[in-house]
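>>> Model the structure of this input:
(one chain, ligands or ions: 2)
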Amino acid sequence: MPKVLVSDPIDKTGIDIISQVAQVDVKTGLPAEELVKIIPEYDALMIRSGTKVTKEIIEAATQLKIIGRAGVGVDNVDVTAATRKGIVVVNSPEGNTIAAAEHALAMMLSMSRHVAEANQSVVSGKWDRKKFIGVEVYKKTLGVVGLGKIGSHVAKVAKAMGMKILAYDPFISKERADQLGCNLVDMDLLVQESDYITLHIPKTDETYHSINAETFAKMKPTARIINCARGGIIDEVALAEALKEGKIAGAAIDVYENEPLEAESPLRELGQKIVMTPHLGASTAEAQVNVAIDVAEQIRDVLLGLPARSAVNIPGMYPDTLEKLKPYLLLAETLGNLVSQLAGGRIDFLNVRLQGDLATGDSKPVVVAALKGLLSQALRERVNYVNASIEAKERGIRVVETKDASVRDYTGSLELEAKGSLGDHIVRGALLGEDEIRITNIDGFPINVPPSPYMLLTLHRDMPGIIGKIGSLLGSFNVNIASMQVGRKIVRGDAVMVLSIDDLLPEGILTEILKEPGIRDAYTVAL
Ligand SMILES: NC(=O)C1=CN([C@@H]2O[C@H](COP(=O)(O)OP(=O)(O)OC[C@H]3O[C@@H](n4cnc5c(N)ncnc54)[C@H](O)[C@@H]3O)[C@@H](O)[C@H]2O)C=CC1
Ligand SMILES: O=C(O)CCC(=O)C(=O)O
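Ligands and ions are numbered 1, 2, ... in the order given. As a prediction, the model looks like this:
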């Protein structure tokens, strides 16, 4: 039975789902060294934001297949290291959207009305009504940085509260912003005009410390900032200074550059100017059930050999897409493997031509499958759907994809053209019925053969007696032929012969075949 390590607190519904197929060990709060020590035992790791899955941990893992992040942000996982190792990383892109959006709104209102300090004051026995005069959000301008899932929900609700919404998101269309009733502007304008700025972007090299002293200098002195996205987007030292010096009026922060927040952080010394929560954006009962189910189902599926629907490092596939594509993925992998064996040496270029129905859907998984097949000769079991693209890129293989829905010789067919150091080859294949793979063309010669574990291919002159000679030669080496087919373009021109044989060809037989008059080339292929 596979073993799954759950290293952060996860709702029981998720644990129950994984327990159907695996042994689940819940061990939270482990120090990094301990995690490095025990990770080799595990097939899957399930985390929230607490566990930092470093390169060291990933490199120590010997059988890890999947890292499941019960939440959105995967910045606590070294996704590059996982991808290189062929480990799929999944998250729950929508499970906590509402929770995080509502927390940002709660923080905005709490900050505006001093809810937290007023509560503390009442609890401590005081009745101070003058100290806690707040401000209204009605008719104020809210600048939403990042108009994705959470940012959009915040914008919709804030709009309903009578706020004017500015948004900055370079990857969102004006139409989408219009739909949400937001005015899409550049970051400078948003910073200068907003009474509140709320961040809903990922932490990346580009966004790290993108809110800094320069940003605070441009903000209105009455403006307030909310960060329920990721620590590190705001430069915390600059924020503390801006608040102290009155450059801005307030901040509401849920996430920090280092979590837990250091005892000596300057953010702890700002009194009423700041409202802080300990990364609670996703902490609702509903969100925790959603993300636990979402990620647990994906861990279960991957352990059962099925694809994950929200993988961040491979093309995600929904079950209905997969059902349709599965036989084609196998076809792509088979053809990739075939063309790489024909090419023999280093491959520099692969053209993946999707034809017929195959040209109308999502081609990314098919291209990845073709690359997996192509690299399987060189990398064997080290290559998988996760790392095939990155491995191909690192080997300098240029991949081009072409689609032609008008080709109708089969419902859907796939052609791979590989150019390499030893020559160029083109193979084509299609499905017979629902899922029977057929190789339908090799280097321009039409054939119709199923792939088999041991095959012999020859390119020869189409002349009487040649097939008999190859048959006798194989017989003399005690090789049994299971099936044979010849494809040619013109009579007495060149032809290919494809033989399925029962066993691996014995050493030396290819050299003998190549000595036969009329044989131009011969290849052994194992599919
Ligand atoms: N505090 C918490 O507990 C939680 C925090 N989060 C965080 O909230 C953030 C947003 O999450 P979602 O809305 O689900 O993600 P999303 O992917 O739906 O939206 C992110 C948006 O940011 C935009 N974006 C990317 N780079 C940008 C840049 N440099 N400038 C402006 N916009 C940029 C993207 O185009 C996208 O529209 C993430 O960082 C996530 O980790 C999510 C859930 C809970
Ligand atoms: O797991 C959590 O509580 C944090 C959630 C979060 O930050 C995210 O989903 O990006």
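>>> Name the residues of stretch 150-167 that come out as buried.
150-155, 158, 163-167 (16 or more other CB atoms under 10 Å). The way it works is simple: take the backbone N, C-alpha and C, and place the C-beta from them, glycine included.
>>> Might you name the residue of the stretch 151-300 of the chain sitting closest to ligand 1?
residue 281 (2.4 Å; CB to the nearest ligand atom).
>>> my bad, the chain
Closest point on the chain to ligand 1, by CB to the nearest ligand atom, is residue 148, at 1.7 Å.
>>> Give the pairing partners of the one helix or strand residue 487 maps to; include direction for each.
In the assignment (DSSP states H and E), residue 487 maps to strand 481-488. Strand 481-488 has its sheet partners listed here by DSSP bridges as strand 494-501 (antiparallel).
>>> From the rest of the structure, what touches the partner strand?
Contacts to strand 494-501, defined as CB atoms under 8 Å, 6 or more residues apart in numbering, come from residues 439, 442-443, 445, 447, 449-450, 452, 454-462, 466-467, 470, 474, 479-488, 520.
>>> Which ones among these map onto helices?
466-467, 470, 474 (DSSP state H).
>>> Buried among the residues you listed? Need that as a selection in ChimeraX.
Buried residues within those, by 16+ other CB under 10 Å, are selected in ChimeraX with:
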select :466,467,470,474
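>>> and the ones in helices among the contacts of strand 494-501 near ligand 2, which?
Among those, no residue lies close to ligand 2 (CB under 6 Å from any ligand atom).
>>> Turn the ones in helices among the contacts of strand 494-501 into TSV, columns for pLDDT.
Shown next, in TSV, are the ones in helices among the contacts of strand 494-501 (pLDDT from 0 to 100):
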residue	pLDDT
466	90
467	90
470	92
474	93
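>>> Switch the ones in helices among the contacts of strand 494-501 over to a markdown table; also include distance to ligand 1.
Converted to a markdown table, the ones in helices among the contacts of strand 494-501 look like this (distance: CB to the nearest ligand atom, whole Å):
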| residue | distance to ligand 1 |
| --- | --- |
| 466 | 61 |
| 467 | 60 |
| 470 | 59 |
| 474 | 58 |
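>>> Now do the same contact list for the residue of the chain found nearest ligand 2.
Residue nearest to ligand 2 within the chain (CB to the nearest ligand atom): residue 71, separated by 2.5 Å. The contact partners of residue 71, taken as CB under 8 Å, 6+ apart, are 48-49, 91-92, 95-96, 282, 291.
>>> again with residue 354
Neighbours of residue 354 in contact, by CB under 8 Å, 6+ apart: 363, 366, 401-404, 412, 414.
>>> average model confidence for the helix or strand hosting it?
Using DSSP H and E, residue 354 sits in strand 347-356. On average, the pLDDT along strand 347-356 is 94.
>>> What is the next helix or strand after that strand packed up against?
Helices and strands here follow DSSP H and E; after strand 347-356, the next one along the chain is helix 364-379. Counting contacts by 3 or more CB pairs under 8 Å, 6 or more residues apart in numbering; DSSP states H and E, helix 364-379 packs against helix 319-343, strand 347-356, helix 388-394, strand 398-404, strand 412-420.
>>> Quick check: neighbours of the last one in the sheet, parallel or antiparallel?
Using DSSP bridges, the strands paired with strand 412-420 are strand 347-356 (antiparallel), strand 423-432 (antiparallel).
>>> got the domain boundaries for this structure?
3-95+287-304, 96-276, 314-451, 452-526 (the TED database).
>>> among the ones you listed, which gets the worst mean confidence?
For these, where the average pLDDT is lowest is domain 314-451, sitting at a mean of 88.
>>> Tell me the residues of this protein that contact ligand 1?
71-73, 96-97, 100, 145-151, 168-172, 200-202, 206-207, 228-230, 254-255, 279, 281-282.
>>> I'd like to know how far residue 76 sits from residue 242.
Plainly put, residue 76 is 27 Å away from residue 242 if you go by CB to CB, to the nearest Å.
>>> who's more crowded, these two?
The residue with more neighbours, out of residue 76 and residue 242, is residue 242; 26 against 19, by other CB atoms under 10 Å.
>>> May I ask which helix or strand encompasses the more buried one?
helix 236-244.
>>> Walk me through which strands the helix or strand following that helix pairs with, and which way each runs.
Sequence-wise, the next helix or strand downstream of helix 236-244 (DSSP H and E) is strand 250-253. Strand 250-253 has the following strand partners under DSSP bridges: strand 224-227 (parallel), strand 274-276 (parallel).
>>> Can you say which of those strands is packed in most?
Mean neighbours per residue, mean count of other CB atoms under 10 Å, is largest over the strands paired with strand 250-253 for strand 224-227, with a mean of 28.
>>> Please list the residues outside that one that contact it.
104, 107-108, 111-112, 195-199, 211, 219, 233-234, 239, 248-255.
>>> ok now the strand holding residue 487, how far from the chain's centre?
The chain centre lies 42 Å from the centre of strand 481-488; the measure is CA atoms, centre = their mean, to the nearest Å.
>>> and what of stretch 138-151?
Worked out by CA atoms, centre = their mean, stretch 138-151 lies 27 Å from the chain centre.
>>> just stretch 298-315 next, same as before
Distance, centroid of stretch 298-315 to centroid of chain: 10 Å (CA atoms, centre = their mean).
>>> Next, the buried residues of that stretch.
Buried residues in stretch 298-315 (16+ other CB under 10 Å): 298-303, 307-315.
>>> show me the residues around residue 201 that make contact.
145-146, 148, 151, 169, 207, 229-230, 233.
>>> and those as JSON lines, adding secondary structure and distance to residue 390?
Below are those laid out as JSON lines (DSSP: H, G, I helix; E, B strand; the rest coil; distance: CB to CB, whole Å):
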{"residue": "145", "secondary structure": "strand", "distance to residue 390": "30"}
{"residue": "146", "secondary structure": "coil", "distance to residue 390": "27"}
{"residue": "148", "secondary structure": "coil", "distance to residue 390": "25"}
{"residue": "151", "secondary structure": "helix", "distance to residue 390": "30"}
{"residue": "169", "secondary structure": "coil", "distance to residue 390": "27"}
{"residue": "207", "secondary structure": "coil", "distance to residue 390": "23"}
{"residue": "229", "secondary structure": "coil", "distance to residue 390": "27"}
{"residue": "230", "secondary structure": "coil", "distance to residue 390": "24"}
{"residue": "233", "secondary structure": "coil", "distance to residue 390": "27"}
